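Asks: sharing a model that was predicted from the sequence below.
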Amino acid sequence: MSVSSSRRIRAAIAAAAVITTGVGVGTATADASPVSAPTRYQEPGGLLVSLDFQALSTAGWAKTEVTATADSDESPEATESTEATEPTESTEATEEAPAVVEPAPAPPTVTPDELARIVPGVAPEKINEFIAPLNDAMLQNGIDTPVRQAAFIAQLAVESDSFRTFEEYASGRAYEGRADLGNTQPGDGERYKGRGAIQITGRHNYEKLSQHTGVDFVANPELLATKENAFTTAAWYWTSRNLNQVADTAGIVRVSELVNGGHHALQRRVADFERGLSVLLQP
């Protein structure tokens, strides 16, 4: 009697199961349309080869192959019938242990010490106050690599003056009548000036942010400046512009342009990014 093909089939299926698919403070005024990032899948490699479909089709998917010996008195039909009710000792009975899939590692977080080194100007008493909401905002929005985190923190550091303020120092009158920001009603410039850790600006952005979060920032724009909202709203702005992809591909200068709408404090943004990358890449 030949060996069953079921073990080879189970091993091939187990192998397939573990394959996965891989004025002083700037303002965030850019209103670029999001760029769709292509989904990238892991190539299956030798999976189809390992399945050996030709051999499997020859052996059969479920039935154990039976070969009658020369000195057997039983016909093949009788042998198959007997095997259906009385398995012989040579029938394979041992089951393969299922493949163990290791859990994915937790995304990295920024420590208080790392934040202090990335943004030297941040007040020491503010670090413990801001580190948790900063990490939560990053982890919930895929800002989970050293490049993305360094780029994100660099923009926030400039926009918030090293986390000293979550509201633009200027009055906002300069934005009055800016149709590109959605400021079409009298008083919109001051009402919707830069707020949050990334200084979100303009009625248009406040409206979109309200729709996304369910918090009415249009009627209550001052809520955007609270520490409870400052980082989550900054992460919304970041992901709404696909800035993870931009940081991965185009680089820190293009990220800065999409956050600020220009090159305000560009030299510092680049320097903060490079310092952040150096800190976060240390073992």
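Replies: Sure, I can see it.

Asks: distance check, residue 245 against residue 148.
Replies: 9 Å (Cβ to Cβ, to the nearest Å). Yep, even glycine has a C-beta here, placed from its N, CA and C like the rest.

Asks: over to residue 108?
Replies: Relative to residue 148, residue 108 is positioned 10 Å away (criterion: Cβ to Cβ).

Asks: show me which of the two is the more surrounded one.
Replies: When neighbours are counted by other Cβ atoms under 10 Å, residue 108 and residue 148 differ, and residue 148 comes out ahead with 22 against 15.

Asks: in the protein, what spans have low per-residue confidence?
Replies: Low-confidence segments of the chain, defined by pLDDT under 70, are located at 1-27, 29-94, 106.

Asks: show me where the chain has its strands.
Replies: Counting by DSSP state E, no segments of the chain form strands.

Asks: per the record, what domains does it have?
Replies: Residue ranges for the structural domains of the chain, counted by automatic domain parsing, are given in the record as 6-22+40-85, 112-280.

Asks: looking at those, which is nearest to residue 103?
Replies: Closest approach to residue 103 among the domains of the chain (Cβ to Cβ): domain 6-22+40-85, 12.0 Å.

Asks: so residue 215 is in contact with residue 222, correct?
Replies: No. In terms of Cβ atoms under 8 Å, residue 215 does not count as a neighbour of residue 222; the distance is 11.6 Å.

Asks: more neighbours: which of the two?
Replies: Shown here are residue 215 and residue 222; by other Cβ under 10 Å, residue 215 has more neighbours (17 against 10).

Asks: could you give me the buried positions within stretch 121-136?
Replies: Taking 16 or more other Cβ atoms under 10 Å as the neighbour-count basis, stretch 121-136 is seen to contain the buried residues 122, 126, 127, 130, 131, 133, 134, 135.

Asks: alpha carbons only: can I get it in PDB?
Replies: Extracted as PDB, the C-alpha positions of stretch 121-136 are listed here (Å, rounded to 0.1, in the frame of the first residue of the first chain):
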ATOM      1  CA  GLY A 121      12.800  73.500  22.600                       C
ATOM      2  CA  VAL A 122       9.900  71.600  24.100                       C
ATOM      3  CA  ALA A 123       9.300  72.500  27.800                       C
ATOM      4  CA  PRO A 124      10.300  69.600  30.000                       C
ATOM      5  CA  GLU A 125       7.000  69.800  31.900                       C
ATOM      6  CA  LYS A 126       5.100  69.400  28.700                       C
ATOM      7  CA  ILE A 127       6.700  66.200  27.500                       C
ATOM      8  CA  ASN A 128       4.800  63.800  29.700                       C
ATOM      9  CA  GLU A 129       1.600  65.800  29.000                       C
ATOM     10  CA  PHE A 130       1.900  65.400  25.300                       C
ATOM     11  CA  ILE A 131       3.700  62.100  24.700                       C
ATOM     12  CA  ALA A 132       0.700  59.800  25.100                       C
ATOM     13  CA  PRO A 133      -1.700  61.800  22.700                       C
ATOM     14  CA  LEU A 134       1.200  62.200  20.200                       C
ATOM     15  CA  ASN A 135       1.900  58.400  20.200                       C
ATOM     16  CA  ASP A 136      -1.800  57.600  20.000                       C
END
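
Asks: returning to that earlier point: nearest to residue 97, of the domains of the chain?
Replies: Between residue 97 and those, the shortest separation by Cβ to Cβ is 9.2 Å, and it involves domain 6-22+40-85.

Asks: export the buried residues of stretch 121-136 to JSON lines and tack on distance to residue 178?
Replies: As requested, the buried residues of stretch 121-136 are arranged in JSON lines below (distance: Cβ to Cβ, whole Å):
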{"residue": "122", "distance to residue 178": "31"}
{"residue": "126", "distance to residue 178": "31"}
{"residue": "127", "distance to residue 178": "35"}
{"residue": "130", "distance to residue 178": "30"}
{"residue": "131", "distance to residue 178": "35"}
{"residue": "133", "distance to residue 178": "30"}
{"residue": "134", "distance to residue 178": "29"}
{"residue": "135", "distance to residue 178": "34"}
